[in-house]
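*Asks:* model this:
(2 chains)
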Amino acid sequence: MSDLSHVDRYPEIPVSLLASRGVLRTGEWRNMRPVARERRAPCSDACPAAVPVPRYLHLLAQGRLREAYETFTLRNPFPAITGRVCPHFCEAACNRDPYDGPLSIRALERYLGDAAAGLGLVGPEGETGKSVAVVGSGPAGLAAAYYLRRSGHRVVVYEKREKPGGLLRYGIPEYRLPEAVVDAEVARLGALGIEFRTGVALGPGMSLEALKEAHDAVVVATGAWEGRPMGMEGESLLEAGLEYLEQVARGHHTLPGRRCAVIGGGNTAMDVARVLRRLGGEVTVLYRRTAAEMPAIPEEVAAAARDGVRFEFLSLPRAAAKEAGALRLTVERMRLGEPDASGRARPEPTGETVDLEFDAVFKAVGERADLAPFPDAMRQEPGGWLAVGSDGSTADGAVFVAGDLATGPATVVEAIARGRRAADAVSARLGGGYDLPAWAAEESPDVVAPVEVNHAYFSRRARVEPSEVPPADRVGGILGEETAGIAAADALAEIERCFSCGYCNQCGTCFVFCPDAAITWDDGPVFDYDYCKGCGICSVECPGHVLLFVRERDDG
Amino acid sequence: MKWDIPLGEEIHPGNLGCQGCGGALAMRLALKALGPDTVAVIPACCWSIIDGAFPVHALKVPVFHTAFETAAVAASGIKAAKDVQGKATTVIAWAGDGGTFDIGIQALSGAAERNEDIIYACYDNEAYMNTGIQRSSSTPSGTWTTTTPDERPESRPKKNIMEIMAAHRIPYAATCTPAYPDDMLRKFRKAKSIKGTRFLHILSVCPPGWKMPSDRAIEVMRLAVQSRVFPLYEVEDGLAYTMSLWPTEPVPPEDYFRVQGRFRPLFEDPARLERIKAFVDQQWEILVRRHRRTHPDEAGIPAGEAAAR
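*Replies:* Numbers count the residues shown, from 1 in each chain, chains lettered A, B, ... in the order given. This is a model prediction of the structure:
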């Protein structure tokens, strides 16, 4: 070895031993900052019941079924029901629609409802000592009963028919909503202590006054069951569609004639037509406008056509007459005119008529509520419609209304939303209530727009469509449930399609892309504002745009 | 967390990179793959500054600052010393495009030719950004820099550093970008597992130098890949080419250029823009051909690529 002693005379290499953390506070450079701010997804916004879709789907994807169910049922207690019959306003509003088709939200909702079959609903935390009567046990009545009970009130549900369920049991055919699903929901409510008294109707035997005396408040949700008169000649020869559905629901599977006509373009008309078809009828739907204006759920219209139901559009029956054991229907051909108040093209008469022959003709042109039990003081004018606030309140402080009785014929989900709002209004008056989780207490009214979603994180993929049960395999025979639930793997794959608009589903994209290691991860981003330089990457990249980028001084 | 990215950091917060710095993000991600038993050798480049001025530094792993032209040789020496000590420490030379394409290419070529057991990563922001946006041999054609002003934008195409490195027949060379973190981490992990000279070419956004807002930093790197301006691929032993990502939806190169002020001259010279687009297509086709030669039986090539090329 040569002499290395000269090495000692060299200066030492300078070594940095101080970490930049605590020294270089690069956060001082910043004039904008990212903030996590959850906002409303368009699906939730379009849902009358405001179900927080991305939130419950995320819980479901994580296998947290109970939390998913409890999150859902904070807004709608019956996912197994709406998951089958809802017209899914959510899907029409879905930000994914223009990208590659909306999320299959209704199928996922049914998946949740079916998966949660063994779970109970959240019950009351304490008793208020107050008692509330609910009259009617359709979707509005059952929802009102649930949220009243959850709020701590004693609840008695009065039902005119022999079993609770109302329209759900007696108006929606088995192939769309099996009775067993309704039974299960009623049983869940019974398990919370809700009392059902069946075979009692509002009227001479049980007046509104008597209910007010026996209870601290009354919620009336008796629905809309009365057929609306068409004002046509021979109208008494026609059968009422909804009554026929009720008769079939009670087990009388009789076809009143081979050649059947159904007048109307709504969901009742489709239900009647499809039931008749299943029972072997040749069915023609007569509708005064065209397919585009039909108020029925589009899937039901398409399914009716698949079933072999014929459609005669621009056809308005003007007269019916008995002729040699058959019914002769005189139908006027219509044409479309200017849009009416509903925004749909108005049907205008052409004067041209045809005679069609049927064995039975069903009327399904809309229903109205029976207002006889209500005094004039509760109406907008003597003999007129009820005066109802958006929360179901009426001129009588102790009486609230919900469902079709409050809104006119609407959808199951609107009835459920009305039921919940009426229940909450009752609690606001009587005391009691239920705790809201933080997200529900501080929900933003801001809706996430389609352009705010970062599509880079979503590859185009067709949505999962529920399949049809082959007719031979349907539980309950020819009227048995038609649509199959989706499999767990399909549900998880479909949830991955969710943009999660405005809801942090803990994807971690913000964390991954921070050039400054200024985000730590604790099941969600934690910003270290001492070091965040405010580059804005996390906000732009956030797939569902939960991270907003705000001016340093504007941030509240 | 949907990403398979380690939560632990080998970098402290408080680095001196500009807002939206692709180089800072690239280092953060690379070290997540390489782990704490790593030594970084940094020649003159942005990262000389980003790491912090003496006595402060942002990385948790040791950093050896060295002269502009010496990253590869200094890394080789440190690796040799580690070998003598019997340590398996990963040694990475971390240089900008100036220190790689221009000033450091002699040392890099020498190390590659000797197949030194180092990882050489070039975070490429396509100019001398740190000294004030002067052009380098990595600056693409049609680009504005302070030395190639609007009236005389860069006229030569970007030097193809990957072909130069592949020509050394080193065991592994790959392109990556922090806009595709899973791909980038996979390549750094793979590089770590291989012995010999490994070269990683990282397209690395520079918002001030590229004249664009910092919040679009990830988007612009993603557009570079989707528009095929910067294809992601690997080269093994200098010959075996494998494409890492087939862009699914066609993105015209203009979409990538338009986000950046530095490409403004391109939009005033349609003929040049067309030539550059043709060049992008041609470079892409060369890579696809090489991929197909390496993988003659592969079914994974998208139908359009297989038919058109």
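
*Asks:* per-residue pLDDT, the closest residue to chain B within the stretch 401-550 of chain A?
*Replies:* Using C-beta to the nearest C-beta, the closest approach of the stretch 401-550 of chain A to chain B is made by A:Gly536 at 2.9 Å. Every C-beta, even on glycine, is put in place using the N, C-alpha and C of the backbone. At A:Gly536, the pLDDT value in this model is 98.

*Asks:* right, and it touches B:Pro213 too?
*Replies:* Yes. Taking contact to mean C-beta atoms under 8 Å, the distance of 7.4 Å between A:Gly536 and B:Pro213 places them in contact.

*Asks:* Overlap in contacts, those two.
*Replies:* Residues touching both A:Gly536 and B:Pro213 comprise B:Gly20, with contact defined as C-beta atoms under 8 Å, 6 or more residues apart in numbering or on different chains.

*Asks:* those helices in the stretch 201-350 of chain A, which residues are they?
*Replies:* Defined through DSSP state H, counting those that start in this stretch, the helices belonging to the stretch 201-350 of chain A, from first to last, are A:208-214, A:241-249, A:267-278, A:298-307.

*Asks:* got it, and the stretch 101-250 of chain B?
*Replies:* Taking DSSP H, counting those that start in this stretch to define them, one finds helices in the stretch 101-250 of chain B at B:105-113, B:161-167, B:181-193, B:207-210, B:217-226.

*Asks:* Let's have the ones you listed in JSON lines, adding mean neighbour count.
*Replies:* What follows is these, written out as JSON lines (neighbours: other C-beta atoms under 10 Å in any protein chain shown):
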{"stretch": "helix B:105-113", "mean neighbour count": "20"}
{"stretch": "helix B:161-167", "mean neighbour count": "18"}
{"stretch": "helix B:181-193", "mean neighbour count": "19"}
{"stretch": "helix B:207-210", "mean neighbour count": "22"}
{"stretch": "helix B:217-226", "mean neighbour count": "24"}
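
*Asks:* would you turn those helices into JSON lines with mean pLDDT and distance to chain A?
*Replies:* As requested, the helices of the stretch 101-250 of chain B are exported to JSON lines (pLDDT from 0 to 100; distance: least, C-beta to the nearest C-beta, whole Å):
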{"stretch": "helix B:105-113", "mean pLDDT": "98", "distance to chain A": "20"}
{"stretch": "helix B:161-167", "mean pLDDT": "98", "distance to chain A": "23"}
{"stretch": "helix B:181-193", "mean pLDDT": "98", "distance to chain A": "5"}
{"stretch": "helix B:207-210", "mean pLDDT": "98", "distance to chain A": "8"}
{"stretch": "helix B:217-226", "mean pLDDT": "98", "distance to chain A": "5"}
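
*Asks:* May I see the buried residues of the longest helix anywhere in chain A?
*Replies:* Longest among the helix segments of chain A by residue count, using DSSP state H, is helix A:412-430. Of the residues in helix A:412-430, those with enough neighbours to count as buried (16 or more other C-beta atoms under 10 Å in any protein chain shown) are A:412-427, A:430.

*Asks:* on that earlier part again, so for chain B, which of the helices of the stretch 201-350 of chain A sits nearest?
*Replies:* Ranked by C-beta to the nearest C-beta, the member of the helices of the stretch 201-350 of chain A that lies closest to chain B is helix A:298-307, at 29.4 Å.

*Asks:* Now do that closest one and helix A:267-278, the angle between them.
*Replies:* Per axes from the mean of the first three to the mean of the last three C-alpha atoms, to 10 degrees, the angle that helix A:298-307 makes with helix A:267-278 is 20 degrees.

*Asks:* Which helix runs longest in chain B?
*Replies:* Selection of the longest helix in chain B by residue count, based on DSSP H, yields helix B:270-294.

*Asks:* pretty sure A:Gly193 contacts A:Arg149?
*Replies:* Yes. Judged on C-beta under 8 Å, A:Gly193 makes contact with A:Arg149 at a distance of 6.6 Å.

*Asks:* any weak-confidence spans in the chain?
*Replies:* Picking chain A for this. Regions of chain A meeting the criterion pLDDT under 70 cover residues A:1-12, A:554-556.

*Asks:* I was thinking of chain B, sorry if that wasn't clear
*Replies:* Scanning chain B for pLDDT under 70 picks out the ranges B:299-300, B:303-309.

*Asks:* Now for the residue minimising distance to the centre of it: which residues touch it?
*Replies:* Nearest to the centroid of the C-alpha atoms of chain B, with distances taken as C-alpha atoms, centre = their mean, sits B:Ile202, at 1.7 Å. Residues in contact with B:Ile202 (C-beta under 8 Å, 6+ apart) are B:Gly22, B:Ala26, B:Ala30, B:Ala121, B:Cys122, B:Tyr123, B:Asp124, B:Thr175, B:Cys176, B:Thr177, B:Pro178, B:Met184.
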